[in-house]
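Q: Sequence and predicted structure, then a few things I'm wondering about:
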Amino acid sequence: IRTACHTGKQKQLCFVNPDCINIAFRDAAYWEILRHADWVLADGIGMKIAGKILAQPFRQNVNGTDLFPLLCRELQNQDIGMYLLGGRPGVAEKVKDWIQDSYPGVKVSGARDGYYRESEENEVVDAIRRSGASILLVAMGVPKQEMWIHRRLRETNVSVAMGVGGLFDFYSGRIPRAPIWMREIGLEWFYRFYQEPGRLWKRYFIGNFVFLYRVLRERVTPTQPHSN
């Protein structure tokens, strides 16, 4: 990512978990964005299991929440600005505070929430462009954040843009992350379900079975979503 900031070519990075795959089967536009993204990184134990079943193993799971501190460490004392867009009012600003406390050498070019009117979007894009940021993190949820980046990337003038889902909620302190031991054995999803069962039960207990069915079907008869 740091190297890409010096190439002059804009790139979109996408993180993909089982829920993202299920959404892609329903949403042809999102599927096309994933197909043409510059980097697509597998996120979660479900993707790791799918890789084994399909004999296409992943070296490592990579999610935005784990990548973020590594990225901040890499950007220490570099003239590479980062812009934070999304989350509830005040959340992005708290993430900015976390960066400045934890990695004071990182340049944060700007931060604002994702709760703006459609008529204000051009102003938001203009603010990102004027900030001079090279890296843009967009926390609007899947697939809205990926579609936003795909639609407005060129105008922002950033080098790398990525959708980061709930990352801002974790680093702002609004939602605590699972203990490290749960993350290491692939149970972070269960911790998230415990925190918000009403919102996440369908995603995990129905969506994961649908995802597994699609993986097994893919092993028997390879297909492409939305193909004729």
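A: Received, thanks. Quick caveat: nothing in here was measured; it's all calculated off a predicted structure. Numbering: from 1, shown residues only.
Q: residues making contact with the worst-scoring helix or strand of the chain on mean pLDDT?
A: In the chain, the helix or strand scored least confidently by mean pLDDT, DSSP states H and E is helix 188-195, which has a mean of 79. Contact with helix 188-195 is made by 44-46, 175-179, 182, 200-201, 204, as judged by Cβ atoms under 8 Å, 6 or more residues apart in numbering. C-beta coordinates here come from the backbone N, C-alpha and C atoms, glycine included.
Q: list the buried ones in the helix or strand where Arg203 lies?
A: Under the criterion of DSSP states H and E, Arg203 resides in helix 197-205. With burial defined by 16 or more other Cβ atoms under 10 Å, the residues of helix 197-205 counted as buried are 200, 203-204.
Q: how many neighbours does Trp39 have?
A: Using other Cβ atoms under 10 Å, Trp39 has 14 neighbouring residues.
Q: isn't it right up against Phe15?
A: No: the pair Trp39 / Phe15 is not scored as a contact, 9.3 Å apart, by Cβ atoms under 8 Å.
Q: Not counting sequence-adjacent ones, nearest residue to the residue most central in space within the chain?
A: Note on the chain: the residue nearest the mean C-alpha position is Val164, at 2.6 Å, using Cα atoms, centre = their mean. Leaving aside its sequence neighbours, Val164 sits nearest to Gly64 (Cβ to Cβ, 6 or more residues apart in numbering; 3.9 Å).
Q: thought the one you found was touching Asp169?
A: No: applying Cβ under 8 Å, one finds Gly64 not in contact with Asp169, separated by 11.6 Å.
Q: ok, now how distant is the nearest residue to Gly114 once chain neighbours are set aside from Lys96?
A: Counting by Cβ to Cβ, 6+ apart, Gly86 is the residue found nearest to Gly114 once chain neighbours are left out, at 3.9 Å. To Lys96, Gly86 is 12 Å away according to Cβ to Cβ, to the nearest Å.
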